[in-house]
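S.K.: sharing a model that was predicted from the sequence below.
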Amino acid sequence: MNDAALTTGPRLVKRPAWQALVAHHRQVQGLHLRQIFADDPQRGERLSAEGAGLYLDYSKNRVTDETIRLLLQLADECGLAGRIEAMFSGGKINASERRAVLHVALRARTGERIEVDGADVVPQVHAVLDHMARFSESVRSGRWRGHTGRAIRNVVNIGIGGSDLGPVMAFEALRHYSRRDMTFRFVSNVDGTDFEEATRDLDPEETMFIICSKTFTTLETLTNAHSAREWTLRKLKEESAVQRHFVAVSTNAEGVAKFGIDTANMFGFWDWIGGRYSMDSAIGLSTMLAIGAENFGEMLSGFHAMDQHFRRTPFDRNLPVLMGLLAIWNNNFLGAETVAVLPYEHYLKRFPAYLQQLTMESNGKHVMLDGMPVDVSTGPIYWGEPGTNGQHSFYQLIHQGTRLVPCDFIGFCQPLHPLGRHHDLLLANLLAQTEALAFGKTKEQVEAEGTPDWLVPHRVFEGNRPTNTILAKRLTPQTLGQLVALYEHSVFTQGVIWQIDSFDQWGVELGKVLAQRIIPELEDTGEPTLVHDSSTNTLIRRYRRFRKESS
Ligand code: F6P
């Protein structure tokens, strides 16, 4: 065990930079973005950074140069540079699971060397990528035949959490680049509706299931996988059909073989890849089937470019570091409890859902690496919707509500579908929102418009709402990789400051264990003795009673 992984150093609130930030916050809390911008006409250009194909404007945050200086000092005091190096060099920084954290190896170039326990993992990564590419090519070309000799036209990914959210998000994001003559579906929920709706119009003879599960033990995934098997065999009858219609992505070869999938059609990955950091591993097999190996490679090159940027760029120009530190400022000093992620690109409609697992499973932690309770609040709540839709829904609260909701706006300069004025209208809305949130509209401005006195307070916009704007030229496989890696490393940066383990997820365990206890109580045909609390016992009894009654 690498003891350094458990060392947290002085408590965060005792660090000189933290204390300086507390004092600094007292001085600047009255500042308004209106004033800050008026005092510094170059601010918009100055407080921006560019790297790996993405442009970040962070000038509309409630920060001064001094805030940034102190946040950067905090990063230094927390040893961020050393932690980044530890991650990239295979250190076991996932302390509570005693594992290396090497999603960056998934996009390492041939010839790079990254070791885990003395073994270079890069050749293993490339061997799996080659296997995926061969397989994808044979399915896409129609060479791979189903049990009855028909080509595969439908791909159904069965997985949950990291084995679903990344694949769905990437498929939706890159749909423009995908095979339009094939159907891609994603089943995650153990609710039978999910499976039924995903398969109701598909023909088993032309359908392939990818069973995605790192552990190959997850209740939801295995239940859906068994239903998929029954669904397939109902029509194809012979057990041998499973070999032509099922492949697996897992670290558990034994579990895969037990299910009846030929392990030659299993795509592996490793315990040093966390589920929520796995969309560019074999977990992305559905993505590769949809967009082809070459585009998948482009996506990896986008990830890689952001990895290099994160590792090599001085922190004051480093996009993930700046975003991570600003998140700390907004959360711990301005008291914001959530972050809204607002993509102005319809293809990114699942990006906020994907980010919820990435950010909240990573940084929703209550103890530090050494097991001591954290002394500041950690992981904020991430949520969001594609831009203009949100404008006609929840933006009211962001503009005029009583809570502070920092926002990340994401936009692209070139549309994938040039359609009349649409794209300019879309981007005008993005820019207008960031302007409105920062500068608002004063009482004087509202009055000057001739607004009746009684209506004035309702029409005032306080402004001073912090936003980041991320711009890229065009949504491509490469920019998607850059964007995801940007958030991965921003999450890591925040975790390092909070001194938590961003790579474990013990908080998902208890519910799973308790469900295992309740399942037989629901299925029991007799009268099981219930020993839960009175609420849970009553709910179980009610469920059992109502379930039996005809609707
Ligand atoms: O329950 C949470 C979790 O463990 C996630 O971290 C993971 O992405 C998901 O379940 C799925 O796990 P698996 O890929 O092992 O089925």
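M.R.: Thanks, I have the structure now.
S.K.: pLDDT value on the residue nearest the centre of the chain, please?
M.R.: Against the mean C-alpha coordinate of the chain, by Cα atoms, centre = their mean, the closest residue is Leu355 at 2.8 Å. Note on Leu355: pLDDT of 98.
S.K.: do the same with the one 10 residues further on
M.R.: Turning to Lys365, the model gives it a pLDDT of 98.
S.K.: can you check the one 5 residues further on too?
M.R.: Per-residue confidence (pLDDT) for Asp370: 94.
S.K.: likewise for Gly387?
M.R.: pLDDT for Gly387: 84.
S.K.: let's verify Ser393: helix, strand, or coil?
M.R.: Secondary structure assignment for Ser393 (DSSP: H, G, I helix; E, B strand; the rest coil): coil.
S.K.: confirm the residue nearest to the centre of the chain sits in a helix?
M.R.: Yes - with three-state DSSP as the criterion, Leu355 is part of a helix.
S.K.: for it, give its distance to the ligand.
M.R.: According to Cβ to the nearest ligand atom, to the nearest Å, Leu355 stands 14 Å off from the ligand. Backbone N, C-alpha and C define where each C-beta goes, glycine included.
S.K.: so what pairs up with Met471 in the strands?
M.R.: I think there's a mix-up here, since residue 471 is Leu and not Met. Leu471 forms beta bridges with Tyr55, Gly411, as assigned by DSSP bridges.
S.K.: tell me the contacts of it?
M.R.: For Leu471, the contact set (Cβ atoms under 8 Å, 6 or more residues apart in numbering) comprises 54-55, 57, 411-413.
S.K.: what about stretch 113-126, average pLDDT?
M.R.: 96.
S.K.: what do you get for stretch 524-543?
M.R.: 96.
S.K.: wait, does the helix or strand harbouring Phe184 contact the ligand?
M.R.: Under the criterion of DSSP states H and E, Phe184 resides in strand 183-187. No - using Cβ under 6 Å from any ligand atom, strand 183-187 stays clear of the ligand, coming no nearer than 12.7 Å.
S.K.: the chain should start at 648 in everything you say after this.
M.R.: Will do, 648 is the new start, and the previous item becomes strand 830-834.
S.K.: in its sheet, what does that strand sit against?
M.R.: Applying DSSP bridges, strand 830-834 is found paired with strand 801-805 (parallel).
S.K.: quick one: average pLDDT of the partner strand?
M.R.: 98.
S.K.: quick check: the gap between His951 and Glu945.
M.R.: Going from His951 to Glu945 by Cβ to Cβ, to the nearest Å gives 11 Å.
S.K.: the two: who's more crowded?
M.R.: More crowded of His951 and Glu945, by other Cβ atoms under 10 Å: His951, with 22 against 19.
S.K.: list the buried ones in the host helix or strand of that one?
M.R.: Assessed by DSSP H and E, His951 sits inside helix 932-959. Buried positions in helix 932-959, judged by neighbour count with 16 or more other Cβ atoms under 10 Å: 932-940, 942-957.
S.K.: so, in contact with the ligand or not, it?
M.R.: No - figure legend: helix 932-959 not in contact with the ligand (Cβ under 6 Å from any ligand atom); closest approach 13.0 Å.
S.K.: Ser1149: neighbour count?
M.R.: Neighbours of Ser1149 (other Cβ under 10 Å): 29.
S.K.: what secondary structure does it sit in?
M.R.: Assignment for Ser1149 (three-state DSSP): coil.
S.K.: what does Phe914 give?
M.R.: Here Phe914 is recorded as strand under three-state DSSP.
S.K.: what are the bridge partners for it, then?
M.R.: Going by DSSP bridges, Phe914 forms beta bridges with Val896.
S.K.: quick check: closest non-adjacent residue to Tyr991.
M.R.: Once flanking residues are discounted, Tyr991 sits nearest to Gly1034: 3.9 Å by Cβ to Cβ, 6 or more residues apart in numbering.
S.K.: try Arg760
M.R.: Asp767 (5.0 Å).
S.K.: packing partners of the helix or strand hosting Val1138?
M.R.: Assigned by DSSP H and E, Val1138 belongs to helix 1124-1145. Here helix 1124-1145 touches strand 701-704, helix 712-724, helix 727-735, helix 932-959, helix 966-975, helix 998-1003, helix 1009-1010, strand 1114-1119, going by 3 or more Cβ pairs under 8 Å, 6 or more residues apart in numbering; DSSP states H and E.
S.K.: what average pLDDT does the fourth one get?
M.R.: On average, the pLDDT along helix 932-959 is 98.
S.K.: now the angle from it to strand 830-834?
M.R.: Orientation check (axes from the mean of the first three to the mean of the last three Cα atoms, to 10 degrees): helix 932-959 against strand 830-834 gives 70 degrees.
S.K.: what's the per-residue pLDDT of the residue of the stretch 998-1147 of the chain at minimum distance from the ligand here?
M.R.: At 5.8 Å from the ligand, Glu1008 is the closest residue in the stretch 998-1147 of the chain, using Cβ to the nearest ligand atom. You'll see Glu1008 listed with a pLDDT of 98.
S.K.: quick check: closest non-adjacent residue to it.
M.R.: Closest residue in space to Glu1008, ignoring its immediate chain neighbours: Gln1152 at 5.0 Å, by Cβ to Cβ, 6+ apart.
S.K.: I'd guessed the residue of the stretch 998-1147 of the chain closest to the ligand sits against Arg923; true?
M.R.: Yes - the criterion here is Cβ atoms under 8 Å, and Glu1008 meets it with Arg923 at 5.5 Å.
S.K.: distance from the chain centre to the lowest-mean-pLDDT helix or strand in the chain, please.
M.R.: Scoring the helices and strands of the chain by mean pLDDT, DSSP states H and E places helix 1034-1038 at the bottom, with a mean of 91. Relative to its parent chain, helix 1034-1038 has a centroid offset of 20 Å by Cα atoms, centre = their mean, to the nearest Å.
S.K.: for stretch 1112-1125, same thing?
M.R.: Relative to its chain's centre, stretch 1112-1125 lies at 15 Å (Cα atoms, centre = their mean).
S.K.: buried residues of that stretch, list them for me.
M.R.: Counting neighbours by 16+ other Cβ under 10 Å, stretch 1112-1125 gives 1112-1119, 1122-1125 as buried.
S.K.: in a markdown table, list the residues you listed along with distance to the ligand and pLDDT.
M.R.: What follows is the buried residues of stretch 1112-1125, written out as a markdown table (distance: Cβ to the nearest ligand atom, whole Å; pLDDT from 0 to 100):
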| residue | distance to the ligand | pLDDT |
| --- | --- | --- |
| Arg1112 | 32 | 98 |
| Pro1113 | 30 | 98 |
| Thr1114 | 30 | 98 |
| Asn1115 | 26 | 98 |
| Thr1116 | 30 | 98 |
| Ile1117 | 25 | 98 |
| Leu1118 | 30 | 98 |
| Ala1119 | 27 | 98 |
| Leu1122 | 25 | 98 |
| Thr1123 | 26 | 98 |
| Pro1124 | 22 | 98 |
| Gln1125 | 25 | 98 |
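S.K.: residues contacting Ser825?
M.R.: Taking Cβ under 8 Å, 6+ apart, we find Ser825 in contact with 818, 831, 937-938.
S.K.: out of those residues, who's nearest Gly1087?
M.R.: Nearest to Gly1087 out of the contacts of Ser825 is Phe818 (Cβ to Cβ; 38.7 Å).
S.K.: which strand or helix spans that closest one?
M.R.: helix 812-820.
S.K.: interface residues of the protein facing the ligand?
M.R.: Residues of the chain found near the ligand (Cβ under 6 Å from any ligand atom) are 807-810, 860-862, 865, 868, 922-923, 1008, 1152, 1155.
S.K.: are any of the residues you listed buried, and which?
M.R.: The buried subset of these - by 16+ other Cβ under 10 Å - is 807-810, 860-861, 865, 868, 922-923, 1008, 1152.
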